[in-house]
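Enquirer: Sequence and computational prediction follow.
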Amino acid sequence: MSKNQANIEAAKIVDQLADLYRQATSRLQKALAAYLKDGSIPEMQARKSGVFTYPELRITYEPDGKPAVFSRAFGKFSEPGVYVTTITEPELFRSYLEEQLTLLLSDYQIDIEVGVSAVEIPYSYVLDGSDDLNMENADPRELARVFPYADLVSIGDEIADGDFVSSDGTRPLALFDGPRTDLSLHRLYHYCGTPYEHVQPFILFTNYHRYVDEFISWGLKQLQEGDEFIELSVSGFVTVDKNTKNARKKINDAPWRKYQMPAYHLIAKDGRGITLVNIGVGPTNAKTITDHLAVLRPQCWLMIGHCGGLRQSQRLGDYVLAHAYHRNDHVLDDVVPLDIPIPALAEIQVALAEATANVSGEGMDKIKSRLRTGTVVSKDDRNWEFRYTHETKMINRSRAIAVDMESATIAANGFRFRVPYGTLLCVSDKPLHGEIKLPGSANLFYQKSVREHMLIGFETIRILKNDVAYRLHSRKLRAFEEPPFR
């Protein structure tokens, strides 16, 4: 099938999925409204027939010989078979679904079926979609007895972690099915204080609130001076555009403090904008947010934050480009054991280094005096210095050049969920050498370093956006037998 024909066919398939999803959620909302009004209970026979279920996408690939071999990292089959997944929010994932389907339709002889699955949509995921639901006096226990609910027994990461065992001989089509995706979408809403629909495919993480201020300033400037970005969505469910009066005050007044990991989205008209999440300090938050953002299949995520420099030659304000991670964070040890290496991704490394040179204006040769490449150690104990003798021996053996609490977690979960990752940190203190920011110079240091660092993050994303997805999504992230979808 030609690429153009495949594009048209892929769009039709997503239309069918979207139609089935709309029908199912509409029926569930109406049934909830009837129950809340007069206690009407849906007939179990109707539920068994699939009235409240996720749409299902089923692809059968049975070649005459061996599967065709393609060098790209996704949109391909490793083995013949029947591949199945449930789909939620097809319109939200339209561009992703169409991309995957277009690749498969273009290069393989396949049969595609769209239908209803046997997996019901939990009622809690449609509450926001209906204005006539009066939930004030609703009993969650009664609702769970009458309507489908999020059964955690059936939700997990077995596919991503290589632990999936099929009960019917089919293979997974994607890393995340409908229930797992829905759970994460609604957790993002809760943790970040923004609509999950606003999350952009290029994601920056930071561990310091001053980066948020710079992101907002830069974002507002882009809205006024350019035409690439159309809206800025900020934590507290506030959105501004170029026509918003007193936009900065509106943003400052937003109730972002209510949310554990505030998110900020500079929304691009082509859907390829930038998201910043302030994950705060610690690997637990880093794991939590990446667990959930992964279902949106971002193009990449990058850690842009502060660290402690561990070498005498480093200066405050220098940069650290991580090419290895000493994982002393422990939050992913069970699913990504410590003897599994987390490789640096060349495409990300080159973009970060090039962006640093571009923003500094010093060029690649001169920037080497301020940009050091090496191992970053991420700790789960902020007070690791209290065990100075033991910890310095470990750091010395690892050859680490910087210490933080989040970078290794973000990289390991990127590896785990096949999301390209990278880390560029700014040295804000040198704990082994007694160098700290003196009170008189601290604000000047922060103002200069944070602004330049954020600009490097934006420049990195500009470089990556101009790269093709097949190069960005490295085959280093793919296992032997991968689901066809990215």
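Expert: Cool, got the structure.
Enquirer: Break down the stretch 151-300 of the chain into its helices, ranges please.
Expert: Assigned helices in the stretch 151-300 of the chain, in chain order: 178-192, 210-225, 247-252, 283-293 (criterion: DSSP state H, counting those that start in this stretch).
Enquirer: out of the ones you listed, nearest to residue 457?
Expert: helix 210-225 (8.5 Å; CB to CB). For glycine as for every other residue, the C-beta is placed from the backbone atoms N, C-alpha and C.
Enquirer: buried sites along that closest one?
Expert: Neighbour counts over helix 210-225 (16 or more other CB atoms under 10 Å) mark 210, 211, 212, 213, 214, 215, 216, 218, 219, 220, 222, 223 as buried.
Enquirer: any idea which of these is closest to residue 64?
Expert: Closest to residue 64, out of all of these and judged by CB to CB, is residue 222, at 52.3 Å.
Enquirer: ok, the closest one - contacts?
Expert: 228, 229, 266 (CB atoms under 8 Å, 6 or more residues apart in numbering).
Enquirer: Poorly predicted segments of the stretch 1-150 of the chain, please.
Expert: 45-46, 129-132, 134-137 (pLDDT under 70).
Enquirer: One more pass at 90, please.
Expert: 1-3, 33-50, 64-72, 78, 127-146, 148-150 (pLDDT under 90).
Enquirer: Save the buried residues of helix 210-225 as a markdown table, and put in distance to residue 81 and pLDDT too.
Expert: Below are the buried residues of helix 210-225 laid out as a markdown table (distance: CB to CB, whole Å; pLDDT from 0 to 100):
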| residue | distance to residue 81 | pLDDT |
| --- | --- | --- |
| 210 | 51 | 90 |
| 211 | 46 | 95 |
| 212 | 46 | 96 |
| 213 | 51 | 94 |
| 214 | 49 | 95 |
| 215 | 44 | 97 |
| 216 | 48 | 97 |
| 218 | 47 | 97 |
| 219 | 45 | 98 |
| 220 | 50 | 98 |
| 222 | 46 | 97 |
| 223 | 48 | 97 |
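Enquirer: got those residues as JSON lines, with distance to residue 72 columns?
Expert: Formatted as JSON lines, these follow (distance: CB to CB, whole Å):
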{"residue": "210", "distance to residue 72": "39"}
{"residue": "211", "distance to residue 72": "34"}
{"residue": "212", "distance to residue 72": "36"}
{"residue": "213", "distance to residue 72": "39"}
{"residue": "214", "distance to residue 72": "36"}
{"residue": "215", "distance to residue 72": "32"}
{"residue": "216", "distance to residue 72": "37"}
{"residue": "218", "distance to residue 72": "33"}
{"residue": "219", "distance to residue 72": "33"}
{"residue": "220", "distance to residue 72": "38"}
{"residue": "222", "distance to residue 72": "32"}
{"residue": "223", "distance to residue 72": "35"}
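Enquirer: Tell me what residue 307 is bridged to.
Expert: residue 427 (DSSP bridges).
Enquirer: is it true that residue 189 touches residue 197?
Expert: No: between residue 189 and residue 197 there is no contact under CB atoms under 8 Å: 9.6 Å.
Enquirer: Name the residue in these two with the higher neighbour count.
Expert: residue 189 (18 against 15; other CB atoms under 10 Å).
Enquirer: Pull up the gap between the nearest residue to residue 231 once chain neighbours are set aside and residue 234, please.
Expert: Once flanking residues are discounted, residue 231 sits nearest to residue 267: 4.3 Å by CB to CB, 6 or more residues apart in numbering. Counting by CB to CB, to the nearest Å, the gap from residue 267 to residue 234 is 11 Å.
Enquirer: Please apply the same query to residue 25.
Expert: Distance, residue 25 to residue 234, by CB to CB: 28 Å.
Enquirer: Show me which of those two is the more surrounded one.
Expert: residue 234 (27 against 19).
Enquirer: contacting residues for that one?
Expert: 194, 216, 240, 251, 254, 256, 262, 264, 265.
Enquirer: how does it look with 7 Å?
Expert: Residue 234 makes contact with 251, 254, 256, 264 under the criterion CB atoms under 7 Å, 6 or more residues apart in numbering.
Enquirer: quick one: which of the residues you listed has the most company?
Expert: Busiest of the contacts of residue 234 [other CB under 10 Å] is residue 264, holding 27 neighbours.
Enquirer: looking at it, it is touching residue 215, isn't it?
Expert: Yes: Residue 264 is in contact with residue 215 according to CB atoms under 7 Å; the separation is 5.5 Å.
Enquirer: Would you map the strands across this structure?
Expert: Secondary structure of the chain (DSSP state E): strands located at 53-61, 81-86, 111-120, 171-172, 202-206, 229-234, 238-240, 263-268, 274-278, 300-309, 319-328, 371-379, 400-404, 421-429.
Enquirer: Setting aside sequence neighbours, what's the nearest residue to the residue positioned nearest the centre of the chain?
Expert: For the chain, residue 293 is the residue whose C-alpha lies nearest the centre (CA atoms, centre = their mean; 3.0 Å). Of all residues not flanking residue 293 in the chain, residue 203 sits nearest, at 6.4 Å (CB to CB, 6+ apart).
Enquirer: list the contacts for the residue nearest to residue 231?
Expert: With CB under 7 Å, 6+ apart, residue 267 has these contacts: 198, 200, 229, 230, 231, 233, 273.
Enquirer: any idea how far it is from residue 121?
Expert: Distance from residue 267 to residue 121, by CB to CB: 27 Å.
Enquirer: Which residue comes closest to residue 186 once chain neighbours are left out?
Expert: residue 125 (6.4 Å).
Enquirer: Quick check, residue 59 in contact with residue 112.
Expert: Yes: at 5.3 Å, residue 59 counts as touching residue 112 under the criterion of CB under 7 Å.
Enquirer: So if I had to pick from these two, which one is more boxed in?
Expert: Neighbour count, other CB under 10 Å: between residue 59 and residue 112, residue 59 has more, with 25 against 17.
Enquirer: what's the closest non-adjacent residue to the more buried one?
Expert: Using CB to CB, 6+ apart, the closest residue to residue 59 is residue 83 (4.7 Å).
Enquirer: neighbours of that neighbour, just the number please.
Expert: Residues near residue 83, counting by other CB under 10 Å: 23.
Enquirer: any low-confidence regions in the stretch 151-300 of the chain?
Expert: 151-154, 165-168, 208-209, 226.
Enquirer: Most neighbours among the contacts of residue 222, which one is it?
Expert: Neighbour-wise, those (other CB under 10 Å) top out at residue 266, 27 neighbours.
Enquirer: what is that one paired to in the beta sheet?
Expert: Assigned bridge partners for residue 266, using DSSP bridges, are residue 232, residue 274.
Enquirer: Residue 207 versus that one, what's the distance?
Expert: 20 Å.
Enquirer: Might you report the residue contacts of the residue nearest to residue 293?
Expert: By CB under 7 Å, 6+ apart, the neighbours of residue 203 are 275, 277, 293, 298, 301.
Enquirer: how many neighbours does the fourth one have?
Expert: When neighbours are counted by other CB under 10 Å, residue 298 registers 20.
Enquirer: that older thread, find residues that contact each of residue 264 and residue 215.
Expert: Counting by CB under 7 Å, 6+ apart, the common neighbours of residue 264 and residue 215 are residue 276.
Enquirer: which stretches of the stretch 1-150 of the chain form helices?
Expert: So, for the stretch 1-150 of the chain - with DSSP H, counting those that start in this stretch - the helices run 3-38, 44-48, 94-107, 140-146.
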